[in-house]
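Novice: build me a structure from this.
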Amino acid sequence: MESCDFISHYYHSRSSRGYFRIVDINSGSPSSIIYVGASQPGGLYVSKDGGRTWGSISGQPNNLIPNRGILTDDGILYITYGDQPGPNGMNTGALWKYNTKSLSWTEISPIKKPNFGYAGLSVDLKSSNTIVVATMDRWAEGDTIFRSTNGGNTWNNIGPQSTREFSTSPWITFGNSAPSFGWWIGALSIDPYRPNRVLYGTGATIWETNDMTNADRGQPTSWSIGAIGIEETAVLSLISPSFGAPLISGVGDIGGFVHDDIRVSPRTGMFSNPVFGNTDCLDFAENNSAIIVRVGTSQQNGAISNNGGKSWSPFASAPPGMDGGSIAISPDGLIIVWTRQNVGAVPYYSKNNGNSWQQSKGSPGLRYISDRVNTNFYGYDPNSGIVYISSDGGATFSTLDSGLPTGTGLLRAAPGHPSDLWLSAGQSWDNSAGLFRSISGSKFTRIPSIGYTASFGFGKPAPGSTYPAIYLQGTSSNMNALYRSDNAGASWTRINDPAHQYGGATVVIGDPKLYGRVYIGTNGRGILCGDKQ
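Specialist: Sure, this is the predicted structure:
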């Protein structure tokens, strides 16, 4: 099999160009022959002089975009095609093989003229006629993998007879009784040392089998999760209630979870009734933390739980234009304030668990939060630098403070302390960016030594203290790091080191039940948990 170097393009925007490169090394020495696939119709090129000059290969399907390519040791170049780069939008596609010696083309698509594309591709290192190819955007029938042992003359459809073991990732069912075969299968590989082992990547996980050759005898193939220790989840919201599960998460694409045990994948799987794509925001009633609310993207994008997230009930109604957004609930669990995600969307409030909603007179487009002791609600406008307060359960809002830094902002209320607000505001390149505090309706004052703050949150007080510990990802004395303060921001202790930067935090909160524990949500590395040593 020829060595090949792939550069994935199907996650790029449709206006971008991606490439794969395959170098012919049949001679046993560095070859001057290089094949390149560009993300454009008729985008297969060859160079015979080490890349100095290039030419389009004649006879190729000029109406399709090359996706993946593999060159075998007998000179056959296999290419998958689609009419779009993907991962969405493929309406047709094909699998072709190009004989680099005779310069002839042969279509070997498992299904000719499909209403989907082809993407993932692999060839057995020990048998160049053994091929696996994956469909892309086969939404109606479900994506699958086809396998051939005779160079594409005949094919076996692997998907219908496959079985799946998913106990290590219970969420993978997306609220159904069993997981699907997958989608967006751009990555597919036969193990070069163990041909019976095949892995493929989907939009959710990696699946692995060790009995692929069963398909050659008409028998089922068995698959299990092959992504243990690999995490690409974007974390959108985290809460750590004062009672019950240590952590509840809202994440992109796969909804969110109740983490009863942070050491294992949540046994109950992802949120259901309803299932969300993204869970944009979570909140719990501070004085009755079994009551939790969440909003996200789905046909029913709001839900409430009265048992710590063990079960959920969709809101009986919703404000106009349901599309996620932010949600806050009062400490007693009796008032909910919801702002939809639309630009300029006005807030709504409910006093009957979401059975009905009334339009608030609050400023549109803001993220509102609840006080953690009284029934006040607050909102920060990053465009005007104004913090608003509602003393009537979200019905009306008035200005609490103004003239604060603009650009970005995160407003939080300290648990156990009424009308105690903390605000991170300002752009990272702006010297005015910092952390600010307001006590009992006073003007916000800046916390010394803290600059730009990406996220912060509260946890259990240190021994001997009554004020919650504060965890912060941001800059102190011009050092961007993760910090904890045990004395209401008077001083800060760095709690990570240069070897543990975690790729940037999008959400940082503490645990109200365990001093020294911090949860860090990232945009791509999942959720990290740290404990004081």
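Novice: for the stretch 251-400 of the chain, give me the ranges with low pLDDT.
Specialist: Under the criterion pLDDT under 70, the flagged ranges of the stretch 251-400 of the chain are 343.
Novice: same check, this time on the chain
Specialist: 1-30, 229, 231, 343.
Novice: could you chop it up by domain?
Specialist: 4-225, 447-533 (automatic domain parsing).
Novice: can I get those in CSV including mean neighbour count and distance to Pro241?
Specialist: To be clear about C-beta, it is placed using only N, CA and C from the backbone, and glycine gets the same treatment. Shown next, in CSV, are the domains of the chain (neighbours: other Cβ atoms under 10 Å; distance: least, Cβ to Cβ, whole Å):
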stretch, mean neighbour count, distance to Pro241
domain 4-225, 18, 20
domain 447-533, 18, 8
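Novice: adding distance to Ala285, write the ones you listed out as TSV.
Specialist: What follows is the domains of the chain, written out as TSV (distance: least, Cβ to Cβ, whole Å):
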stretch	distance to Ala285
domain 4-225	25
domain 447-533	13
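Novice: between those, which one is closest to Ile336.
Specialist: With Cβ to Cβ as the measure, domain 447-533 is the member of the domains of the chain nearest Ile336 (20.5 Å).
Novice: ends of that closest one, what's the gap?
Specialist: Terminal residues of domain 447-533 are spaced 27 Å apart (Cα to Cα, to the nearest Å).
Novice: among the domains of the chain, which is nearest Ala245?
Specialist: With respect to Ala245, and counting by Cβ to Cβ, the nearest of the domains of the chain is domain 447-533 at 10.2 Å.
Novice: for the closest one, what is the distance to the chain centroid?
Specialist: 22 Å (Cα atoms, centre = their mean, to the nearest Å).
Novice: hang on, Ser32 packs against Thr53?
Specialist: No: Ser32 is beyond contact range of Thr53, at 10.7 Å (criterion: Cβ atoms under 8 Å).
Novice: which neighbours do the two have in common?
Specialist: Ser47 (Cβ atoms under 8 Å, 6 or more residues apart in numbering).
Novice: for the residue lying farthest from the centre of the chain, grab phi and psi.
Specialist: Distance from the centre of the chain peaks at Ser102, with 45.9 Å (Cα atoms, centre = their mean). With angles defined as degrees, to the nearest 10, Ser102 shows backbone torsions of phi -90, psi -10.
Novice: list the contacts of Asp430.
Specialist: Taking Cβ under 8 Å, 6+ apart, we find Asp430 in contact with Pro405, Gly407, Tyr452.
Novice: what about 7 Å?
Specialist: Pro405, Gly407 (Cβ atoms under 7 Å, 6 or more residues apart in numbering).
Novice: repeat for Thr396
Specialist: Thr396 neighbours (Cβ under 7 Å, 6+ apart): Lys361, Ser390.
Novice: let the chain start at 44 from now.
Specialist: New numbering, starting at 44: the last item is Thr439.
Novice: got phi/psi on it?
Specialist: Torsion angles, degrees, to the nearest 10, at Thr439: phi -140, psi 160.
Novice: what do you get for Pro203?
Specialist: Torsion angles, degrees, to the nearest 10, at Pro203: phi -60, psi -30.
Novice: quick one, phi psi at the closest residue to it other than its chain neighbours?
Specialist: Closest residue in space to Pro203, ignoring its immediate chain neighbours: Thr187 at 7.5 Å, by Cβ to Cβ, 6 or more residues apart in numbering. Here the main-chain torsion angles of Thr187 (degrees, to the nearest 10) amount to phi -150, psi 180.
Novice: check Val166 too.
Specialist: Dihedral angles of Val166 (phi, psi; degrees, to the nearest 10) stand at phi -130, psi 140.
Novice: cool, Pro213 as well?
Specialist: Main-chain torsions, Pro213, degrees, to the nearest 10: phi -60, psi -20.
Novice: what is the burial count for the spatially closest residue to it that is not a sequence neighbour?
Specialist: Nearest residue to Pro213, sequence neighbours excluded (Cβ to Cβ, 6+ apart): Gly312, at 4.1 Å. By other Cβ atoms under 10 Å, 21 other residues sit near Gly312.
Novice: contacting residues around Gly312?
Specialist: Contacts of Gly312 by Cβ under 7 Å, 6+ apart are Pro213, Trp214, Thr216.
Novice: okay but the residue nearest to Pro203 is in contact with Asn199, surely?
Specialist: No: contact criterion Cβ atoms under 7 Å: Thr187 and Asn199 do not qualify, at 10.3 Å.
Novice: for the residue farthest from the centre of the chain, give its distance to Gly118.
Specialist: To Gly118, Ser145 is 9 Å away according to Cβ to Cβ, to the nearest Å.
Novice: before we move on, what about Phe300?
Specialist: 50 Å.
Novice: contacts for stretch 410-419, please.
Specialist: Applying Cβ under 7 Å, 6+ apart, the set of residues contacting stretch 410-419 is 326, 329, 369, 371-374, 378, 380, 382, 390, 405, 420-422, 432-434, 436, 454-462.
Novice: report the buried members of these.
Specialist: 326, 329, 369, 371-374, 378, 380, 382, 390, 405, 420-422, 432-434, 436, 454-458, 460, 462 (16 or more other Cβ atoms under 10 Å).
Novice: quick one: which of those residues sit in strands?
Specialist: Using DSSP state E, the subset of the buried ones among the contacts of stretch 410-419 located in strands is 326, 369, 371-372, 380, 382, 390, 420-422, 432-433, 454-456.
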